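# below is the sequence, then the predicted model.
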Amino acid sequence: MAIVVDRPKLKWWEHLYLPALAKGLRITLGHFFKMLRGNTKVTMQYPEEKWDANLPDHYRGAPALVTDEQERERCVACQLCEFICPPRAITIKPEEIPSDDKWAKVEKRPKVFDIDMIRCIYCGFCEEVCPEQAIYLRKDYAITGTSREEMVHDKEKLYEIGGVRVGLVNKWNALK
Amino acid sequence: MDWYIILAATIKIVVFVFLVTLPLVAMSVWAERRVSAAIQDRVGPNRVGPAGLLQPVADGIKFLLKEDFTPNHVRKTYYWLAPALTMIPSLLTCAVIPFGSKLFGEKMVIADLDVGPLFVFAVASLTVYGIVLAGWASNSKYPFLGSVRSTSQMISYEISLGLSIVPLLMIYGELNLGHIVMEQAQNGWALLPLWGDGLSIKGWLLSIPLFISFVVFTTSMFAETNRLPFDLPECETELVAGYHTEYSSMKFALFFLGEYAAMIIGSGLAVTLFFGGWSLPFGWLTPESVDAEVPFWHGLIHLGAFFAKVILFILFFIAVRWTLPRFRYDQLMRLGWVVFFELALANVILTALLLMWLK
Amino acid sequence: MTFFFFIFAALTLMGGIGVVVNRNPVSSAFSMIISFLGLAALFIQLDAYLVGILQILVYAGAIMVLFLFIIMLLDIPKAEKKRFPVFTLGASIVVVVSFATLMITVITRSDIGSAKLPPIEPVKGTGSSDVHQIGELLFSTYWFPIQVVAVLLLVSTVGVVVLSKRELK
């Protein structure tokens, strides 16, 4: 049922509009002078002050590849992340690991692993889908560049951001 | 001594218009952004220069370097003419505002006319052409609606604006802004009759109609300069950006600066008419007459007093903008025609009766 | 000063020609504004500040805005070329010829240059400015015509209200 809200009946001094103006000015000027006195908590001065220390554990920043404690790249080029990626930001070209290599038993590794950071939406599906726990979303958020080429993270850059992840991190443990 | 007059006038024009008013326009844009930020608990532009003071310079460079795009469907001549037509009248009105008493034996007013306020209204009424032509030449619906709104708004409020200062002119019996200021310097400001002849029952009684005319004048000034709460010609929520939707780069900047220049001149006129112009309160450092010589440092103090008052008034403009919501269009028209027009007329009669009674 | 006179006189005349020549109604209205501004400048050169300012305030600032407003709202198309405007042409020839005859007669008969205008006496008991003098004259010598004009304006205003409201019934 519709509720009819009656317009409030204004007193004559409320019709004058000036008292309301004075009231409004008191509020805005109150904020103004509070700011002048420095009593207002204001937004952060970004490049100088950063929020980094307070980022939550589940923060989803730039995705990056990691190596394990033996310097082996964990990615086996299964291409699941490339498949799941909603904006198709990931491009993987797999290659075979030659038989004389130390890690020949792993068989496959990415030859090319590009993430287009203009496309990436930081959804974290790649991290979730990875069976080898090779790709993680790190806490880097200021991904900038002056050209489109610069914004494509190649394999080298991804390992640089990702670094080494030691030990088996079973991400499903918490859910069990 | 023709060349001397011309030289003095040229120097005054260059200094007051290009070295004072235009930088003041730029600074008021900066002040608007900082004050609005402070009111809304933000910081505002504080990067360029100390406390962001050079922000207007950066803005200007940005405007100059942006692409000056002329859409294909516009009427070219008027499209190019319109921004200039908003800016030029605003600056022309500087001519009759007394900025100070005297400096180097020269009156600190560019043209000492006997029709000061009328001149300001006449020239300011020409700013509407810039907006009308911008809306019409843009050949698209939002600018057109904006310009139609602004035309009717400006015509409506011009009437109450003109009528509102009639009581003041009746009381001072003068149309020369310099004489009005001198009168107020000696006998109390229009809204603060606390010294000289103003300190009497007559002065206090007369300050009632003067207060009414101040309210009407200031509100009409808001409407004339298209400032909130009366900024319906550009009303973002309804008309995109109103009459300057199709403009970019420096042409847009000219509209923007024209609005602020009009605001500064409006403040200057309000200060001159109601707050004693360049004079200090309580008759301090007041020269004996309009033509009396003034010591150099008194002249400087008078200039400073004028600009201090103007800046305070601009801050009032800004604070009101960030306090009040926008009027609805029918409310705006009703306020102009039904309330202010009658109020200003009644005020004229009230002043006449008071003057007759107190004579 | 003569230099400025010629500049503003040329401006006024060019504006006047523009009103007639332009096919676009907005351009015509705009030329008319220019013409009014030039005229106001000519008044100001004659030290008639009040008349000049009122010329701008009333004609250029208010009336022409309304004109422009109406023209824009109606969105009149450009004047179309008709077949051969015999009547218009005939009428304009008659007007031009009679005006020229009038001007020639006046100029040849008058003694421009040699005649001296009588000096204008300032009205008694007023200040020096023309505002005071015009005000004094309007409200003393010419008070009756002023009242008549005011009544006339009132009548026309009431008439407009009646005419515009009649359709609503």
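It's in.

# residues in contact with the residue nearest to residue B:145 when sequence neighbours are not counted?
Leaving aside its chain neighbours, residue B:145 sits nearest to residue B:239 (5.7 Å; criterion: CB to CB, 6 or more residues apart in numbering or on different chains). In short, each C-beta sits where N, CA and C put it, glycine included. Neighbouring residues of residue B:239 by CB atoms under 8 Å, 6 or more residues apart in numbering or on different chains: B:142, B:145-146, B:149, B:233, B:245.

# pLDDT-wise, what's the bottom of these?
Among those, residue B:233 carries the weakest pLDDT, at 73.

# tell me the domain boundaries of the chain?
Since no chain was named, I'll use chain A. Domain assignment of chain A by automatic domain parsing yields the ranges A:13-42, A:55-165.

# actually chain C
C:1-81, C:82-114, C:127-169.

# nearest to chain A, of those domains?
domain C:127-169 (26.5 Å; CB to the nearest CB).

# now that closest one: mean pLDDT?
83.

# those strands in the chain, which residues are they?
Since no chain was named, I'll use chain A. Per DSSP state E, chain A carries strands over the ranges A:63-65, A:90-96, A:108-116, A:135-137, A:152-153.

# just the ones you listed: most buried one?
Ranked by mean neighbour count, those are led by strand A:63-65 with a mean of 25 (mean count of other CB atoms under 10 Å in any protein chain shown).

# tell me the strands beside that one, with direction?
Partners of strand A:63-65 in the sheet, by DSSP bridges, are strand A:135-137 (antiparallel).

# contacts for the strand it pairs with, please.
Contacts for strand A:135-137 (CB under 8 Å, 6+ apart): A:59-66, A:75, A:81, A:122, A:124, A:126-127, A:162, A:165.

# let's go with 7 Å and repeat that
A:60-61, A:63-66, A:75, A:81, A:122, A:124, A:126-127, A:162, A:165 (CB atoms under 7 Å, 6 or more residues apart in numbering or on different chains).

# roughly how far out does it sit from the chain middle?
11 Å (CA atoms, centre = their mean, to the nearest Å).

# just the mean pLDDT for it, thanks.
86.

# centroid residue for the chain?
The chain I'm using is chain A. Of all residues in chain A, the one closest to the mean position by CA atoms, centre = their mean is residue A:61, 3.1 Å from it.

# should've been chain B
Closest-to-mean residue, chain B, CA atoms, centre = their mean: residue B:266 / 1.2 Å.

# just to revisit the earlier point, for the strands of chain A, give me CSV that also has distance to residue B:194.
CSV is the format used below for the strands of chain A (distance: least, CB to CB, whole Å):
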stretch, distance to residue B:194
strand A:63-65, 72
strand A:90-96, 77
strand A:108-116, 72
strand A:135-137, 70
strand A:152-153, 72
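
# out of these, which gets nearest to residue A:25?
In terms of CB to CB, the element of the strands of chain A nearest to residue A:25 is strand A:135-137, at 48.1 Å.

# how far is the helix or strand harbouring residue C:100 from where the chain is centred?
Per DSSP states H and E: residue C:100 is located in helix C:86-109. With CA atoms, centre = their mean as the basis, helix C:86-109 stands 20 Å off its chain's centre.

# for stretch B:96-112, same thing?
The answer for stretch B:96-112 is 18 Å, by CA atoms, centre = their mean.

# what about that stretch, start to end distance?
6 Å (CA to CA, to the nearest Å).

# that one vs chain C: in contact?
No. Against chain C, stretch B:96-112 shows no contacts by CB under 7 Å from any CB of the partner chain, the least distance being 10.0 Å.

# skipping adjacent residues, who's closest to the closest residue to chain C within the stretch 51-200 of chain B in space?
Going by CB to the nearest CB, chain C is nearest to residue B:125 of the stretch 51-200 of chain B, at 3.0 Å. Among residues not flanking residue B:125 along the chain, residue C:61 sits closest, at 3.0 Å (CB to CB, 6+ apart).

# that neighbour: how many residues sit nearby?
Neighbour count for residue C:61, taken as other CB atoms under 10 Å in any protein chain shown: 27.

# the one 10 residues further on too?
With neighbours defined by other CB under 10 Å, the count for residue C:71 comes to 16.

# helix or strand: which one has it?
helix C:64-74.

# dump that helix to CSV, restricted to CA.
Output of helix C:64-74 as CSV, limited to C-alpha atoms (Å, rounded to 0.1, in the frame of the first residue of the first chain):
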residue,chain,number,x,y,z
MET,C,64,17.0,42.4,-27.8
VAL,C,65,17.5,39.5,-25.5
LEU,C,66,13.8,38.9,-25.7
PHE,C,67,13.9,39.2,-29.4
LEU,C,68,16.7,36.7,-29.7
PHE,C,69,14.9,34.5,-27.3
ILE,C,70,11.7,34.4,-29.4
ILE,C,71,13.7,34.0,-32.6
MET,C,72,15.5,31.0,-31.2
LEU,C,73,12.4,29.4,-29.8
LEU,C,74,10.5,29.8,-33.0
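
# list the buried ones in it?
Buried residues in helix C:64-74, counted by 16 or more other CB atoms under 10 Å in any protein chain shown: C:64-65, C:67-69, C:71-72.

# now swap in stretch A:23-42 and tell me
A:24-25, A:28-29, A:31-32, A:35.

# average pLDDT across it?
For stretch A:23-42, the mean confidence score works out to 84.

# got it, and stretch C:44-53?
84.

# again, but for stretch B:55-62
Per-residue scores along stretch B:55-62 average to 87.

# run the chain-centre distance for it.
On CA atoms, centre = their mean, the centre of stretch B:55-62 falls 23 Å from that of its chain.

# which stretches of chain A form helices?
A:12-15, A:18-36, A:80-84, A:125-129, A:155-162 (DSSP state H).

# right, so of those, which gets closest to residue B:173?
Among the helices of chain A, helix A:18-36 sits nearest to residue B:173 (CB to CB), with 29.6 Å.

# tell me what the closest one is packed against?
helix B:22-39, helix B:296-321 (3 or more CB pairs under 7 Å, 6 or more residues apart in numbering or on different chains; DSSP states H and E).

# export those helices to TSV and tack on mean pLDDT, distance to chain A and mean neighbour count?
Output for the helices and strands packed on helix A:18-36, formatted as TSV (pLDDT from 0 to 100; distance: least, CB to the nearest CB, whole Å; neighbours: other CB atoms under 10 Å in any protein chain shown):
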stretch	mean pLDDT	distance to chain A	mean neighbour count
helix B:22-39	87	4	20
helix B:296-321	86	6	19
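
# between the helices of chain A, which one is nearest to residue A:55?
helix A:155-162 (15.1 Å).

# now that closest one: buried residues?
So, applying 16+ other CB under 10 Å, buried residues of helix A:155-162: A:155, A:157-159, A:161-162.

# who's in contact with it?
Under CB under 7 Å, 6+ apart, the answer for helix A:155-162 is A:62, A:64-67, A:110, A:112-113, A:115, A:136, A:138, A:140.

# can you tell me what sits against stretch B:324-342?
Under CB under 7 Å, 6+ apart, the answer for stretch B:324-342 is A:21, A:24, B:149, B:153, B:156-157, B:159-160, B:216, B:219-220, B:223, B:228-232, B:235.

# now with 8 Å, please.
Here stretch B:324-342 has contacts from A:21, A:24, B:149, B:152-153, B:156-157, B:159-160, B:163-164, B:216, B:219-220, B:223, B:228-232, B:235, using CB under 8 Å, 6+ apart.

# and residue A:107, how far from residue A:101?
10 Å (CB to CB, to the nearest Å).
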